[in-house]
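S.K.: Predicted coordinates and the sequence they were generated for:
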Amino acid sequence: MRGWAGRLLRVDLSSGRYWIQDIDPSILVSFVGGRGLAVKLLWDELRPGVDPLSPLNKLVIAAGPLTGYPGPNTGKLVIAAKSPLTGGYGDGNIGSWASVHLRKAGFDAMVIEGASPKPVYLYVEDDKVSLMPADDLWGLDTFETEDRLRRVHGSNVGMLIIGPAGENLVRFATVVAQRGRSGGRPGMGAVMGSKRLKAIVVRGTRPLPQPADPSLSKIGVEADLAAKRKEGYPFWMRQGTTATVEWAQEASVLPTLNFREGQFDQYDKIGGFMVERGTVTVRSCPNCVMPCGHVVNDAESKQSELDYENIAMLGSNLGIGDLQRVAHLNRVADMMGMDTISLGSVLGWAMEATERGLIKDGLEWGDYRRALEVAYDIAHQRTELGRLLGLGVREASRRVGGGSGDFAMHVKGLEVSAYDCHAAPGMALAFSTSPIGAHHKDAWVISWEVRNDRFGYTREKVLKVIELQDIRGGWFEVMVGCRLPWVEIGLELDYYWRMFKAATGLDYDIGGVANRVYTLIRAFWVREYGGWSREYDTPPLRWFKDPLTKGPLKGAVLNMEGYQRMLTWYYEARGWDERGIPRRSTLRRLGLGYVEGELSKVVDLRD
């Protein structure tokens, strides 16, 4: 096969063994790579009901057939496992030189299982694999760890690192690369920490897999040039995703005070123009044509890499209207190896719980110093509040009670990312049907929705959610690439299809591959949850119960009847039954007939 290396590296941390195996070509054709390959491996190999933080959980790191080739933003990989935050399928997309080096080492993926008795890091150089002692790295933040490993291995390597949050099993600990490239929101860093795996360092010295068509490089360069000619490219280079702050304020979707509101009085102090004035450099993933990491000096005059999500969740959502302070919180999260979205959510929930008298010794709205202190407490698990919030907002609200679940902003245990949906039923559906929990990367439908029948509960909106999921969460996550050139500046999707065909020589039904991946992920959730309920696909109650109190959309709330109607249409379009469980006929049509046996043990499958 062309475009794939066709090999998988396996490492057992318990025994210290490693081995290399060929990947069945039919699996690559059916699931491509990235998220698709990851969920296939996890479905096949994980024992149902496995503890996510036990040695029996497996960590999959998977590239795709476009990874490393010339072209727009092809330096990414997917890291996946059963999630300790949600109890279901979890993954993250990370821009890192580890993706390119993995492919140049001759692998499409690696699977890590077991747990080391002592802290180690994994060093891979082509077919040579070593487990190196990491006692001197354990306890260091991600920045310090990267610096030390570079002194040992040089700059021509790729790294994936955890910080203290991962070591201490914070449920939303992430994996960090390149001083701020962070991924794995559902606790992939905690999975690494449970295995006492501090870092993965990869050096590949071989050529990339030979593509089917030598014109691949030419198409990639053509796509890069086309992106740079787009009308929106210069503005993107000035502000990146941080321009979304002003847009979200105008559209009344900027999360404010734990998603009570969609507008923030001090939005202009944390927005894109403020970022533009303060930018000292920009950072990017490998092979990036349009860098998204705008670096500013924070409140301690240290560099912090910002994007929209961390500004909104650590700024307006907490009532903090100072960009340098927001940047400081963001840098600390990156150093500790914590997801900034979930951190902003648990802090916002704690601020509201404090306000309501449900938490003692909590924190107040806008209190940046206390928020910073609690962030460290979470990462190091050193106070009662830090330990509580480190469980994530779903479990924290269960333990505190007192109605705090009504303002716990999550779906399936994953905290909602930075778009308020009081008046956005389509985006609420996108959050609720995302395959990892409430995340925006699978279907950022809200930009389309605010321009098209915003308040409607329509089939058209449901089909738009699925269309975007199939492209963003399906295709981009399996080939593996970055969707921003297409989303933000309108680079034509045809470039990606041409690149993929040149790499592999294959034509694909995009919807078929995406639906296969989405359906297998849903089967994974059903198996792990021992059944399914529509409640799991329902957004936070706040958006139905607590109206917006300010701005042009004052009084807006979601309508439960309308939402449930959209959810039914969504299930029908996916080929799932009214419970949200894949039908037998759908499994067979998608080549997933082997799933029936496992699912039939926990639910009554319908035709």
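M.R.: Thanks, I have it.
S.K.: Secondary structure element for residue 116, which one?
M.R.: Counting by DSSP states H and E, there is no helix or strand that carries residue 116.
S.K.: Pretty sure it sits against residue 15.
M.R.: No. At 9.8 Å, residue 116 does not count as touching residue 15 under the criterion of CB atoms under 8 Å. To be clear about C-beta, it is placed using only N, CA and C from the backbone, and glycine gets the same treatment.
S.K.: Of these two, which one has the most company?
M.R.: Ranked by neighbour count (other CB atoms under 10 Å), residue 116 and residue 15 place residue 116 first, with 21 against 10.
S.K.: how about that one, what does it touch?
M.R.: 13, 14, 16, 131, 195, 196, 197 (CB atoms under 8 Å, 6 or more residues apart in numbering).
S.K.: Can you verify the fourth one is assigned to a helix?
M.R.: No. Going by DSSP: H, G, I helix; E, B strand; the rest coil, the assignment for residue 131 is strand, not a helix.
S.K.: Near it, how many other residues are there?
M.R.: Neighbour tally, residue 131, other CB under 10 Å: 18.
S.K.: residues contacting the closest residue to it other than its chain neighbours?
M.R.: Among residues not flanking residue 131 along the chain, residue 120 sits closest, at 4.7 Å (CB to CB, 6 or more residues apart in numbering). For residue 120, the contact set (CB under 8 Å, 6+ apart) comprises 13, 131, 132, 133, 134, 196, 197, 198.
S.K.: sorry, back to before: any of the contacts of residue 116 buried? List them.
M.R.: For the contacts of residue 116, a neighbour count by 16 or more other CB atoms under 10 Å gives the buried set as 13, 131, 195, 196, 197.
S.K.: Can you classify the spatially most central residue of the chain by secondary structure?
M.R.: Nearest to the mean C-alpha position of the chain, counting by CA atoms, centre = their mean, stands residue 92 at 3.9 Å. Three-state assignment for residue 92 (three-state DSSP): strand.
S.K.: Nearest to residue 559 among the contacts of residue 120?
M.R.: residue 197 (46.3 Å; CB to CB).
S.K.: same question for stretch 89-103, mean pLDDT?
M.R.: The pLDDT scores in stretch 89-103 average 97.
S.K.: can you give me how far that stretch is from the chain middle?
M.R.: 11 Å (CA atoms, centre = their mean, to the nearest Å).
S.K.: and that stretch, how far apart are its ends?
M.R.: End-to-end distance for stretch 89-103: 24 Å, by CA to CA, to the nearest Å.
S.K.: Please, where are all the helices along the stretch 1-150 of the chain?
M.R.: Secondary structure of the stretch 1-150 of the chain (DSSP state H, counting those that start in this stretch): helices at 25-31, 34-45, 97-104, 142-153.
S.K.: Just list what the helix or strand following the last one packs against, helices and strands only.
M.R.: When you say that, I think you mean helix 142-153. Downstream of helix 142-153, the first helix or strand assigned by DSSP H and E is strand 158-161. Applying 3 or more CB pairs under 8 Å, 6 or more residues apart in numbering; DSSP states H and E, we find strand 158-161 packed against helix 97-104, helix 142-153, strand 175-177, strand 197-203.
S.K.: now those in JSON lines, with distance to residue 110?
M.R.: What follows is those, written out as JSON lines (distance: least, CB to CB, whole Å):
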{"stretch": "helix 97-104", "distance to residue 110": "7"}
{"stretch": "helix 142-153", "distance to residue 110": "17"}
{"stretch": "strand 175-177", "distance to residue 110": "13"}
{"stretch": "strand 197-203", "distance to residue 110": "8"}
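S.K.: hang on, the earlier thing: okay, the buried ones among the contacts of residue 116 in TSV with distance to residue 455 and pLDDT next?
M.R.: Output for the buried ones among the contacts of residue 116, formatted as TSV (distance: CB to CB, whole Å; pLDDT from 0 to 100):
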residue	distance to residue 455	pLDDT
13	52	99
131	56	99
195	47	99
196	51	99
197	48	99
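S.K.: Against residue 215, how distant is residue 289?
M.R.: Distance, residue 289 to residue 215, by CB to CB, to the nearest Å: 19 Å.
S.K.: which one of these two has more residues nearby?
M.R.: For residue 289 versus residue 215, neighbours defined as other CB under 10 Å are more numerous around residue 289 (22 against 14).
S.K.: backbone phi and psi for that one, please?
M.R.: phi -100, psi -10 (degrees, to the nearest 10).
S.K.: Ok, residue 136 next?
M.R.: According to degrees, to the nearest 10, residue 136 has phi -80, psi -10.
S.K.: who's in contact with the nearest residue to it once chain neighbours are set aside?
M.R.: With sequence-adjacent residues excluded and distances taken as CB to CB, 6+ apart, residue 136 is closest to residue 148, at 7.8 Å. Residue 148 sits next to 136, 137, 140 when contact means CB under 8 Å, 6+ apart.
S.K.: Could you identify the buried members of those residues?
M.R.: Applying 16+ other CB under 10 Å to the contacts of residue 148 flags 137, 140 as buried.
S.K.: if we can go back for a sec, ok, the contacts of residue 120 vs residue 472, which is closest?
M.R.: residue 197 (29.5 Å).
S.K.: How much space separates the closest one from residue 443?
M.R.: Following CB to CB, the distance that separates residue 197 from residue 443 is 32 Å.
S.K.: Domains in this structure, by residue range?
M.R.: Listed by automatic domain parsing, the domain ranges of the chain are 7-203, 240-413, 419-490+509-607.
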